[in-house]
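Asks: Coordinates only, no sequence provided:
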């Protein structure tokens, strides 16, 4: 006992600066660190055995349980004799009087675990026949025998911690290089956006100039073309009138041909003599078939024939002459000629519209640039004089120059948008993750190829070659408060069939290379990627942080 007291009494004390220097030396020297850990464990065992405290109480809380006076519950609700601490009866609402028994359902039992990490467990697990503490302190009833394997576990934990420390040490150098490259990229992007903004101002000025020039030349063009527009309208009007006259002449000629009795009417019997009105191809023209072409009338005069019947009769004549291809529906006897043509055209238009909608759905969410409208694309039906032709050519050139200036402004706007989004991205405290932007990493299992593109997306593709499925789009850093950059969340993936939208959580660990090490699906349509990278090699590894907080 005197020897133990001597050791405790002679533990040296240091100033904060001296302690920092000593800590640095210990950390850099593995042998010195192991020696320090052995001494530390030995001292902890001495302190643990010498400081009086109730069962299940940590060393840091021992002063809260003075045996020489009454005990006050931590929440201040009551004060009880110290003999009622750990008496297997819950006196305090906060369970502070029963740290070593199962009396309080929400109590906490502290495992000292000398030689290994301390541990807090629910008091309900005390004397439950399972050794939760590596020193067996939780099974003190004697019904269960626990082997004290804290030293073995501690040794393994320290060896793992040392390996992790060596990995972090090697990774820190790579992380520093990544950080330097990331900062350089950010600086380059910042310089680029300044240049782009300057170019954008110049391009906008040029666009305004080209637009003004275009309007000026177009005014001259419109004045010069006014005569030709009127001339063209007259020519087109005459063409329409000539076509109408020709069509009417054909109708009159056909009417006279069908009016075999020359009574001024075409009736059903006269159409029944014309085989091309046999719609169902059964060898004869029925009254219903003939009546259909007479607009459901028994007979029609010339004016009615031209206005109401010629529109359905003319295609039959063209078909017989080989100038008109009958629709498929008529060949099968499922629709009339006029109806068949219209239904086929509508169906084709509907199918094209559906295909366009599907293509639009498959495109990325990025907005598409509108194509500038082409002016004066139809060739004129009249010939311009030489002077007018030159004016039109100058106007076309002015329009082309304006469109080019307009396109240049749009391109610069898109570039500025992309660079601005890059600058707004959080690439870590020291921009260490910036070099991962634009890169993609793959992981294969027996069925799928998984892909992680940091700050962009995660995806899954069957090895059979089927289409790729988006598992998530970059969302945010989602690590704990003390280490936000330990985890990424990718959400807004493709929807599962009859299920939620896919999402991915990427857990980051320190490693000497950038690599996906595992992929799992803990919940339906929710994926988990494990990714190692030097960018995650921080000053203090996660297990050291855990050790610092165990006692608390």
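Replies: Yep, that arrived. Here the structure is a predicted model, which is why all the values come from computation and not from measurement.
Asks: Tell me the secondary structure at residue 396.
Replies: helix (DSSP: H, G, I helix; E, B strand; the rest coil).
Asks: neighbours around it, how many?
Replies: 14 (other C-beta atoms under 10 Å). Using the backbone N, CA and C atoms, a C-beta is placed for each residue, glycine as well.
Asks: ok, so what distance separates it from residue 403?
Replies: The span separating residue 396 from residue 403 equals 11 Å under the rule C-beta to C-beta, to the nearest Å.
Asks: likewise residue 173?
Replies: With the distance defined as C-beta to C-beta, residue 173 ends up 53 Å from residue 403.
Asks: So for the two, which sits in the more crowded spot?
Replies: Legend: neighbour count by other C-beta under 10 Å for residue 173 and residue 403, higher for residue 403 (18 against 12).
Asks: quick one: secondary structure of that one?
Replies: With three-state DSSP as the basis, residue 403 sits in helix.
Asks: How is this structure divided into domains?
Replies: As given by automatic domain parsing, the domain ranges for the chain are 2-161, 186-334, 434-550.
Asks: for those domains, which one sits closest to residue 409?
Replies: Using C-beta to C-beta as the criterion, the shortest distance between residue 409 and the domains of the chain is 4.9 Å, found for domain 186-334.
Asks: How far does that closest one sit from its chain's centre?
Replies: The chain centroid and the centroid of domain 186-334 are separated by 48 Å under C-alpha atoms, centre = their mean, to the nearest Å.
Asks: before we move on, back to that, out of the domains of the chain, nearest to residue 167?
Replies: With C-beta to C-beta as the criterion, residue 167 lies closest to domain 434-550 of these, at 5.9 Å.
Asks: Any chance of TSV for the domains of the chain, columns mean neighbour count?
Replies: As requested, these are arranged in TSV below (neighbours: other C-beta atoms under 10 Å):
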stretch	mean neighbour count
domain 2-161	15
domain 186-334	14
domain 434-550	16
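Asks: of those, which approaches residue 180 most closely?
Replies: Closest among the domains of the chain, once you apply C-beta to C-beta, is domain 434-550, at 9.7 Å.
Asks: any idea of the mean pLDDT in that closest one?
Replies: Mean pLDDT, taken over the full extent of domain 434-550, equals 88.
Asks: Do I have it right that residue 535 meets residue 432?
Replies: Yes. Under the criterion of C-beta atoms under 8 Å, residue 535 makes contact with residue 432 at 4.2 Å.
Asks: give me phi/psi at residue 221?
Replies: phi -60, psi -50 (degrees, to the nearest 10).
Asks: Show me where the stretch 1-150 of the chain dips below the pLDDT cut-off.
Replies: 1-51 (pLDDT under 70).
Asks: can you rerun that using 80?
Replies: Regions of the stretch 1-150 of the chain meeting the criterion pLDDT under 80 cover residues 1-52.
Asks: Where do the strands of it begin and end?
Replies: For the stretch 1-150 of the chain, applying DSSP state E, counting those that start in this stretch gives strands covering 71-72, 79-80, 108-111, 119-122.
Asks: now for the third one, which elements pack on it?
Replies: Strand 108-111 sits against strand 119-122, with contacts defined as 3 or more C-beta pairs under 8 Å, 6 or more residues apart in numbering; DSSP states H and E.
Asks: Of all the domains of the chain, which one is nearest residue 417?
Replies: Among the domains of the chain, domain 186-334 comes nearest to residue 417, with 9.9 Å by C-beta to C-beta.
Asks: For the residue nearest the centre of the chain, pull up the helix or strand it's in.
Replies: When C-alpha atoms, centre = their mean is applied to the chain, the residue found nearest the centroid is residue 473 (1.9 Å). Following DSSP states H and E, one finds residue 473 within strand 469-477.
Asks: That strand pairs with which strands?
Replies: Strand 469-477 has these partner strands in its sheet, going by DSSP bridges: strand 457-462 (antiparallel), strand 487-491 (antiparallel).
Asks: Looking at these, which is nearest to residue 136?
Replies: strand 487-491 (35.8 Å).
Asks: now what about that closest one, what contacts it?
Replies: The contact list for strand 487-491 (C-beta atoms under 8 Å, 6 or more residues apart in numbering) reads 454, 457-458, 471-480, 501, 503-508.
Asks: try stretch 398-407
Replies: Looking at what lies outside stretch 398-407 - C-beta under 8 Å, 6+ apart - the contacts are 203, 206-207, 209-211, 213-214, 217-218, 372, 375.
Asks: quick one: which of those sit in helices?
Replies: The helices in this structure, assigned by DSSP state H, contain 203, 206-207, 209-211, 213-214, 217-218 from these.
Asks: could I get these as TSV with distance to residue 230 and pLDDT?
Replies: Written out in TSV, the entries for the ones in helices among the contacts of stretch 398-407 read as follows (distance: C-beta to C-beta, whole Å; pLDDT from 0 to 100):
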residue	distance to residue 230	pLDDT
203	40	94
206	36	95
207	34	94
209	33	95
210	30	94
211	28	94
213	27	94
214	24	94
217	21	92
218	18	92
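Asks: For residue 523, state which of those is nearest.
Replies: Lowest distance from residue 523 to these (C-beta to C-beta) belongs to residue 203, with 50.0 Å.
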